[in-house]
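J.: Build me a model:
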Amino acid sequence: MFALGRTPAIAAAMAVSLTVAYPATFDPAADFSFAANPNGPWSYGYSQTLGGSLILHTTSGGGSGLDFWNTEISIGLPWVVRNSSASPVNWSGTTVFAPGALSLHPGPQGEVEVLRFTVPSDGQYQISGEFFGQDYVGPTTTDVHILLNGASIFDDVVSDYAISHPFSTTLMLGSGSHLDFAVGFGSNQTYLYDSTGLSAAITLVPEPTMLTFAGVAAGLLCVIRRARFRPW
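T.: A predicted model of the protein is given here:
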């Protein structure tokens, strides 16, 4: 006969293990806010050169379905913007932002638009997503990058419209380190028609020991339930 008095302790252990093991996912579009910069683990800004010091945007706003952070160097750029509405938004007659879409646009003198993720805790993280052109007139012509503490871990060129440029990797990251999603104005050396979409997810991967503990606890709870309701 099972010692049913232990059930609460085992159930509690299982609940704790599942809570710890459940992956935390960070999404720059879903998490976007123009209320504060930095915003949790996210910072919005630009650098004078790729991998250079981050200069935070100090101006934010919203309207016509778009929320943004920017620095006014020329025509409101560089900036990072999200379509917060439920409908597509056409910007300047050259760009379409889908509902919920995030966009980065470089500046006129080669300023690199940067969306920074500061790692909140030590662990293994899966980083996946895509860059894609959003200017249908140009089309978009940009260079795109992911930097880890200033060193490149992904580089590509976007010279098309609505074509995916995917990335996926898993890394051990330390608390306080930073990932920069960076967009430059490309080899044509002009910032016109350079809206570049970013879709990304950064997920903290559960430790295998935590998953094992959760599985064992779940198995024990099933055994207890069967014992409790078994006719004797």
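
J.: At which residues are the helices of the protein located?
T.: Remark: helices assigned in the chain by DSSP state H are 7-21, 208-229.

J.: average pLDDT for the longest one?
T.: Pointing back at helix 208-229 there. For helix 208-229, mean pLDDT is 48.

J.: any weak-confidence spans in this protein?
T.: Within the chain, the segments meeting pLDDT under 70 span 1-23, 209-232.

J.: mind running it again at 80?
T.: Scanning the chain for pLDDT under 80 picks out the ranges 1-23, 207-232.

J.: and stretch 37-47, how far from the chain's centre?
T.: 12 Å (CA atoms, centre = their mean, to the nearest Å).

J.: typo on my end, it should be stretch 76-84
T.: Centroid displacement of stretch 76-84 relative to its chain, using CA atoms, centre = their mean, is 16 Å.

J.: Equivalent analysis for stretch 138-154, please.
T.: Its chain's average C-alpha position is 14 Å from that of stretch 138-154, according to CA atoms, centre = their mean.

J.: And stretch 113-133, by the same measure?
T.: Between the centre of stretch 113-133 and the centre of its chain there are 5 Å (CA atoms, centre = their mean).

J.: Over to stretch 175-183?
T.: Counting by CA atoms, centre = their mean, stretch 175-183 is centred 10 Å from the centre of its parent chain.

J.: how about it: buried residues?
T.: 178-183 (16 or more other CB atoms under 10 Å). In short, each C-beta sits where N, CA and C put it, glycine included.

J.: cool, stretch 185-205 as well?
T.: Within stretch 185-205, the residues that count as buried by 16+ other CB under 10 Å are 185-186, 191, 193-200, 202-205.

J.: go on, stretch 109-125?
T.: Across stretch 109-125, burial judged by 16+ other CB under 10 Å covers 110-117, 119, 123, 125.

J.: and which of those residues is nearest residue 29?
T.: Distance to residue 29, by CB to CB, is smallest for residue 115 among the buried residues of stretch 109-125, at 10.1 Å.

J.: follow-up on the earlier one: sitting in strands, which of the buried residues of stretch 175-183 do you find?
T.: Applying DSSP state E to these, the entries found in strands are 178-183.

J.: Between all of those, which two are at the greatest distance?
T.: Farthest pair in those, by CB to CB: 178 and 183, 16.3 Å.

J.: hang on, the earlier thing: just the buried residues of stretch 109-125 now: which is nearest residue 92?
T.: residue 113 (16.5 Å).
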